[in-house]
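Chemist: my questions concern the predicted model and sequence given below.
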Amino acid sequence: MNLYAKLQERETNGKRLRVGLIGAGKFGAMYLAQVPKTPGLHLAGIADLSPQNARTNLERVGWKAERYAAPSLDAAISSGLTHVGEDWQALIAHPAVDIIVEATGNPIAAVEHALAAFSHGKHVVMVTVEADAMCGPLLARRAREASVVYSLAYGDQPALICDLVDWARAAGFNVVAAGRGHKWLPHFAQSTPETVWGHYGLTPEQAKIGGLNPKMFNSFLDGSKPAIECTAVCNATGLTPAPWGLKFPPASVDDIPNAMRPVSEGGHLHHKGQVEVISSLEADGRVIPYDIRFGVWVVFEGETEYIRNCFKEYMVRTDSSGRYACLYKRWHLIGLEVGISVASVGLRREPTGCPTGFRADVVATAKRDLKPSEILDGEGGYTVVGRLMQAQASLRIGGLPLGLAHGVKLLKPVAAGQPLRWTDVAVDESSHAVKVRREMERLFALHPEATSLTQ
């Protein structure tokens, strides 16, 4: 509750947190919009594959050109300005940079960036949640070994869910379920970049004018992104998926406590302590009023009669039994909020969500019948969709992580709806991300009883 005061103190004392940003796209631009308004912070450098695009975004969000005109990182450090370039290795290696914000959206690159940052003693705020879903538990372990902090990014839904779960537990409540909202109908799982705009109520021409990326938007619609984000939540909080993955039950905000209770009590949960996603659409496609589509929620229970009476006295909205209650945020502000993570990591050395174990996984699953020699096109594409699985179930079948199902050739036929396995594809074993993922899988294959990578 005092991050702002601590940032002001840093500003007054001339000891600003020095930050490097890798990737200045949509999420990065939103963060950049807030940087000039944040005391105690110096964005020393930005690394992007297209420095000119980064400069364009800086101008778009209101930065004056002289503010990002530093010709080098050394000049930026000495002047308090910002250097824009494409050399992410130099940004990570610079001794004056404290924190790296990884916002490329490329999971394979993000894993490499995080590992390099740890080797140089830098904290990492991981915006690229796909990388966390694929390798996060081992990245967290590597960060601890390097005595630095690895954190999910506040503003994205996983970190906000972690915050709600932590609130409930710190207040003494048992967490029954937690998750996010989504616009969902079962046939969305087969959506492609070609069909996505119809589901959003846009024409391809309107989307093109808006500069919208169909593959990225489709990764949300087809359920891949919810699966990715729920994987991150499970690995950070100890919540676990149902054996079938995500069910997407429909519910209004007020009806979440009824929906998120065990099946034996009239709800949809396989077990208490589960992650789930609430749909903003009824099964027939009708829009649910007062939905949680863009928000996050946690359901907790009053385990004694006294607590349940407190719920009643203070008019808390509960399920029909009065036992289960919900706290929620209907909106998330994405990159506009990531400064909370930067401040928490830099000032308190506390992550806003960090993997503590390998409990869930998101496995590439065939959208249609796939044939040998096809090239997989990854998250949001035409070939695969992400399915949330319990980690041990993924390990048993040798499931292929969704983050590695891009640009790889299929070796065997895979029927629609079936999960892909490592043995189904030709994988580049020299990739940093593949090596880290393989190491993580070996660890848990050897010690399946382990619940935490701190053990």
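Modeler: Everything's here; your move.

Chemist: low-confidence regions, this protein specifically.
Modeler: By pLDDT under 70, the low-scoring segments of the chain are 446-455.

Chemist: which helix runs longest in it?
Modeler: In the chain, taking DSSP state H as the definition, the longest helix is helix 129-145.

Chemist: list the helices and strands the next helix or strand after it packs on?
Modeler: Using DSSP states H and E, the helix or strand that follows helix 129-145 in sequence is strand 150-152. Taking 3 or more CB pairs under 8 Å, 6 or more residues apart in numbering; DSSP states H and E as contact, the helices and strands that strand 150-152 lies on are strand 123-126, helix 129-145, helix 157-170. For the C-beta atoms, the positions are set from N, CA and C on the backbone; glycine is no exception.

Chemist: follow-up on the earlier one: just checking, what packs against the longest helix of the chain?
Modeler: Contacts defined by 3+ CB pairs under 8 Å, 6+ apart place helix 129-145 against helix 107-119, strand 123-126, strand 150-152, helix 224-237, strand 360-366, helix 432-446.

Chemist: identify each buried residue in it, please.
Modeler: Residues 129-143 are the ones in helix 129-145 that count as buried (16 or more other CB atoms under 10 Å).

Chemist: wait, which of the helices and strands packed on helix 129-145 is closest to residue 300?
Modeler: Among the helices and strands packed on helix 129-145, helix 224-237 comes nearest to residue 300, with 12.8 Å by CB to CB.

Chemist: now do the closest one: distance to the chain's middle.
Modeler: How far helix 224-237 lies from its chain's middle: 7 Å, per CA atoms, centre = their mean, to the nearest Å.

Chemist: that one to strand 360-366, inter-axis angle?
Modeler: 160 degrees (axes from the mean of the first three to the mean of the last three CA atoms, to 10 degrees).

Chemist: hey, C-alpha coordinates of helix 224-237 in CSV?
Modeler: C-alpha atoms of helix 224-237 as CSV (Å, rounded to 0.1, in the frame of the first residue of the first chain):
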residue,chain,number,x,y,z
SER,A,224,-5.6,-20.6,-26.2
LYS,A,225,-4.8,-17.5,-24.3
PRO,A,226,-7.2,-18.4,-21.4
ALA,A,227,-5.5,-21.8,-21.1
ILE,A,228,-2.0,-20.1,-21.2
GLU,A,229,-3.0,-17.6,-18.5
CYS,A,230,-4.7,-20.3,-16.3
THR,A,231,-1.5,-22.3,-16.5
ALA,A,232,0.5,-19.4,-15.2
VAL,A,233,-2.1,-18.9,-12.3
CYS,A,234,-1.9,-22.6,-11.3
ASN,A,235,1.8,-22.7,-11.2
ALA,A,236,2.0,-19.5,-9.2
THR,A,237,-0.9,-20.1,-6.7
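
Chemist: who are the packing partners of the helix or strand that it is followed by?
Modeler: Next along the chain after helix 224-237, taking DSSP H and E as the criterion, comes helix 256-259. Counting contacts by 3+ CB pairs under 8 Å, 6+ apart, helix 256-259 packs against strand 296-301, strand 324-329.

Chemist: show me what the first one pairs with in its sheet, parallel or antiparallel.
Modeler: In the sheet containing strand 296-301, the strands it pairs with under DSSP bridges are strand 174-182 (antiparallel), strand 324-329 (antiparallel).

Chemist: pick the most deeply packed of those.
Modeler: strand 174-182 (a mean of 25; mean count of other CB atoms under 10 Å).

Chemist: what sits up against that one?
Modeler: With contact meaning CB atoms under 8 Å, 6 or more residues apart in numbering, strand 174-182 is reached by 157, 161, 164-165, 168-169, 220, 223, 226, 229-230, 233, 237, 239, 248, 260-261, 269, 272-280, 291-301, 303, 324.

Chemist: residue 76 belongs to a helix?
Modeler: Yes: judged by DSSP: H, G, I helix; E, B strand; the rest coil, residue 76 forms part of a helix.

Chemist: roughly how far does it sit from residue 343?
Modeler: 20 Å (CB to CB, to the nearest Å).

Chemist: of those two, who's got more company?
Modeler: Between residue 76 and residue 343, counting by other CB atoms under 10 Å, residue 76 is the more crowded of the two (26 against 23).

Chemist: what sits against that one?
Modeler: 44, 45, 70, 82, 83.

Chemist: list only those of the contacts of strand 174-182 flagged as buried.
Modeler: Buried among the contacts of strand 174-182 by 16+ other CB under 10 Å: 157, 161, 164-165, 168, 220, 223, 226, 229-230, 233, 237, 239, 248, 260-261, 269, 272, 274-280, 291-301, 324.

Chemist: can you redo the strands paired with strand 296-301 as a markdown table with distance to residue 312?
Modeler: Shown next, in a markdown table, are the strands paired with strand 296-301 (distance: least, CB to CB, whole Å):
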| stretch | distance to residue 312 |
| --- | --- |
| strand 174-182 | 18 |
| strand 324-329 | 10 |
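
Chemist: quick one: closest of these to residue 387.
Modeler: When the strands paired with strand 296-301 are compared by CB to CB, strand 174-182 sits nearest residue 387, at 14.6 Å.

Chemist: residues contacting the helix or strand just after that closest one, please?
Modeler: Note on strand 174-182: by DSSP H and E, the next helix or strand toward the C-terminus is helix 196-200. For helix 196-200, the external contacting residues (CB under 8 Å, 6+ apart) are 183, 188, 191, 203, 204, 206, 207, 214, 217, 218, 221.

Chemist: now with 10 Å?
Modeler: Contacts with helix 196-200, where a contact means CB atoms under 10 Å, 6 or more residues apart in numbering, come from 183, 185, 187-188, 191, 202-208, 212-222, 380.

Chemist: mark which of these are part of helices, please.
Modeler: 204-208, 214-221.

Chemist: just the buried members of these?
Modeler: Of those, these count as buried by 16+ other CB under 10 Å: 207, 214, 216, 217, 218, 219, 220, 221.

Chemist: chain neighbours aside, what residue packs nearest to the third one?
Modeler: In this case it means residue 216. Residue nearest to residue 216 in three dimensions, not counting chain neighbours: residue 380, with 6.0 Å by CB to CB, 6 or more residues apart in numbering.

Chemist: can you get me a residue count around the one you found?
Modeler: 26.

Chemist: got a list of what it touches?
Modeler: Contact analysis of residue 380 by CB under 10 Å, 6+ apart lists 191-193, 196, 213-222, 224-225, 386, 402, 406.

Chemist: most centrally placed residue in this structure?
Modeler: residue 129 (3.5 Å; CA atoms, centre = their mean).

Chemist: isn't that one up against residue 157?
Modeler: Yes: under the criterion of CB atoms under 10 Å, residue 129 makes contact with residue 157 at 8.7 Å.

Chemist: identify the contacts common to these two.
Modeler: Common contact partners of residue 129 and residue 157 (CB under 10 Å, 6+ apart): 225, 229, 232, 233.

Chemist: let me know the closest of those to residue 331.
Modeler: Nearest member of the shared contacts of residue 129 and residue 157 to residue 331, counting by CB to CB, is residue 229, at 15.6 Å.

Chemist: now the helices for the stretch 351-455 of the chain?
Modeler: Listed in chain order, the helices of the stretch 351-455 of the chain (DSSP state H, counting those that start in this stretch) span 391-397, 432-446.
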